[in-house]
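**Q** fold the following, please.
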Amino acid sequence: MSVDTIKLWHGIQRKSDNARFAVIDVYTESDASVRVRLGSVATEEQRHTLRIGENFPVGEETWQLADVKGWPGEDWIVELRRVAAAPA
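**A** Predicted structure coming up:
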């Protein structure tokens, strides 16, 4: 069974079927938008800086920064959602 949603918090690495994810940083820009610095590894390590709703490639899949709950605060959770799976 594939994993289509991943929830991350500080210091925790999570895996899907084909990749690993970890949050590097969460911060607020001067325009009040929340940004997430994220690391992912499928075939190679990548770093992404994203706003809520933005998509990013991970190997042959596409993922989206779906939400950041609890920010600003210490108990935030970053939610990622797979929006396009790798070809079968």
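
**Q** checking residue 87 next. Helix, strand or coil?
**A** Reducing the assignment at residue 87 to three states with DSSP: H, G, I helix; E, B strand; the rest coil gives coil.

**Q** how many other residues sit next to it?
**A** Here the count is done by other C-beta atoms under 10 Å, and residue 87 has 6 residues near it. For the C-beta atoms, the positions are set from N, CA and C on the backbone; glycine is no exception.

**Q** okay, now the unreliable bits of this structure?
**A** 1-2 (pLDDT under 70).

**Q** sticking with the nearest residue to residue 13 once chain neighbours are set aside, tell me its helix or strand.
**A** By the measure of C-beta to C-beta, 6 or more residues apart in numbering, the closest residue to residue 13 outside its immediate chain neighbours is residue 22, 4.4 Å from it. Assigned by DSSP states H and E, residue 22 falls within strand 20-28.

**Q** ok, residue 75 next?
**A** Assigning secondary structure by DSSP H and E places residue 75 outside every helix and strand.
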